[in-house]
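> got a predicted structure here, sequence first:
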Amino acid sequence: MCGVFGIYGHPEAANLTYLGLHALQHRGQESAGIVTSDGTQLSAFRGMGHVIDVFPPDQIARLRGDVAIGHVRYSTAGGSMLKNAQPIAVDYARGSMALAHNGNLTNAEALREKLEARGSIFQSTSDTEVIVHLCAISTQRASEDRLADALSQVQGAYSLVCLTPSSLIAVRDPLGIRPLCLGKLRDTGALVIASEPISFDLIDADYVRDIEPGEMVIIERSGLRSMRPFQEQPHRTCIFEYVYFARPDSNLDGVSVYEARKNLGRALAEEHPVEADVVVPVPDSGVPATIGYAEASGIPFELGLVRSHYVGRTFIEPQQSIRHFGVRLKLNPVSATLRGKRVIVVDDSIVRGTTSRKIVKMLRDAGAREVHLRISSPPTQWPCYYGIDTPTRGELIASTHSVDEINQYITSDSLAYLSLERMQDAVIRAHTDATGRSTYRSLPVVGQLLQTGAFCHACWTGDYPIPFVPHPRQRQMRLLDV
């Protein structure tokens, strides 16, 4: 998760970054930050909470300069506290720099231990700060070379933006696990970087292209240049971006997220049909898949659950107590739609199973005669180490229970998951060209794509493209902002 944004060469850089982060709010809701550059120095402000709460108009006005980067945070490595808010901004011997990172580094603790042994002093528990320290001790002269030197030592997922007084740098890891894209403002031609292209729509910018896996883009007064400082590797884009994380109106690596989710629902209806009267989504991420399920099955689509949009996404709340309580705050059943009906409810995933169990109970209490749960992805059996705050493996219900056992626990009449093969095929079928036309028929067959490692699907299969060995040392901050 997390969302990053950057803009170069616009007099209202801070304002546009604010808007870009607002469009990326779904990627992180714990903290937000913006750092700007006026060509000689950096100005930074970070705060806890949503973008609209962190940045009142008077605060935006203090962030001067025509270059800026921003970040919305969803914590995985490091706790939810102000010290871990990004972008991280520092002054060091070579000047100033700021960094905003989406992803997770799997060897951060080992690197941190070595850096501390040689005298580095860390101010946060975020893995991103490791990159900053590696840049500071690099012997390379140019900013982009120091960043490339630092990133060559880390392992894991990173899509990041880096700001210096004179340049904006964007880089995506060689596997391309997390998304990153390039755009251009229509009125001024200013260049923008964002985790998802939906940021561009809000600020009247055009999508130009995705930043390629392993690519580093440097934007300076002289223009844009690209370099590839890392060894090429097979692409392993996180397929869960298409299932859940990305906004449905996004297009990532040429794949329409909305069409991918509709395809997931169609495949689910074909693979696991059931007789029913209505099919309802678990809002909001389950809506496109439910539309696809309804189209393929011929069963009417209905809104059987209504979501309160004044409550955050419960999946990414950091505390278990809030996550469980949030189900009741977030969803309310529509009795008139459900009473006496055989109901198919479509969701994107089951993690612990507690939320699904409560949803099934709500539907039954509202009068549903039967409840059949359909999941538009395979059983989640393994934790993610590349930027998702999933529980330990022992807390994932599918790691220790069969589908029948999960069905009994959540008390549904039937439960079925989409297979891995059909899920990947559904996403590939949503691939489009620059005109929006499907290019599926021109793509290699699915089996060839799987052999070349088109997607990361470790949370379902345990096939981790980057090794992860848990570090024995546990980080805890002893200094708190009050």
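Yep, it's here.

> which other residues reach the helix ranked longest in the chain?
The residue-count maximum for a helix in the chain (DSSP state H) belongs to helix 257-271. If you take Cβ atoms under 8 Å, 6 or more residues apart in numbering as the criterion, helix 257-271 is touched by 241-243, 246-251, 285, 288-297, 346, 374-377, 416, 418-419, 422-423, 425-427, 429-430, 432. Quick note: C-beta positions are derived from backbone N, CA and C, even for glycine.

> least confident secondary structure element in this protein?
Here the helix or strand of the chain ranked lowest by mean pLDDT, DSSP states H and E is helix 446-451, holding a mean of 42.

> tell me the first helix or strand C-terminal of that helix.
Moving toward the C-terminus from helix 446-451, the next helix or strand (DSSP states H and E) is strand 455-456.

> which other helices and strands does that next one contact?
Strand 455-456 is packed against strand 237-238, with contacts defined by 3 or more Cβ pairs under 8 Å, 6 or more residues apart in numbering; DSSP states H and E.

> switch the cut-off to 10 Å
On a contact count with 3 or more Cβ pairs under 10 Å, 6 or more residues apart in numbering; DSSP states H and E, strand 455-456 meets strand 237-238, helix 420-428.

> show me where the stretch 1-150 of the chain has its helices.
With DSSP state H, counting those that start in this stretch as the criterion, the stretch 1-150 of the chain has helices at 13-23, 51-54, 57-62, 108-117, 128-137, 143-151.

> and among those helices, the most buried is which?
Stretch with highest mean neighbour count among these: helix 13-23 (a mean of 25; mean count of other Cβ atoms under 10 Å).

> low-confidence regions, the stretch 351-482 of the chain specifically.
Counting by pLDDT under 70, the stretch 351-482 of the chain shows low-confidence ranges at 391, 432-453, 469-482.

> what about 90?
385, 387-395, 431-454, 467-482 (pLDDT under 90).

> that one: helices as residue ranges?
354-365, 397-400, 403-410, 420-428, 446-451, 458-461.

> any chance of these in JSON lines, with mean neighbour count and distance to residue 334 too?
Converted to JSON lines, the helices of the stretch 351-482 of the chain look like this (neighbours: other Cβ atoms under 10 Å; distance: least, Cβ to Cβ, whole Å):
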{"stretch": "helix 354-365", "mean neighbour count": "19", "distance to residue 334": "10"}
{"stretch": "helix 397-400", "mean neighbour count": "18", "distance to residue 334": "27"}
{"stretch": "helix 403-410", "mean neighbour count": "16", "distance to residue 334": "20"}
{"stretch": "helix 420-428", "mean neighbour count": "21", "distance to residue 334": "28"}
{"stretch": "helix 446-451", "mean neighbour count": "13", "distance to residue 334": "38"}
{"stretch": "helix 458-461", "mean neighbour count": "21", "distance to residue 334": "32"}
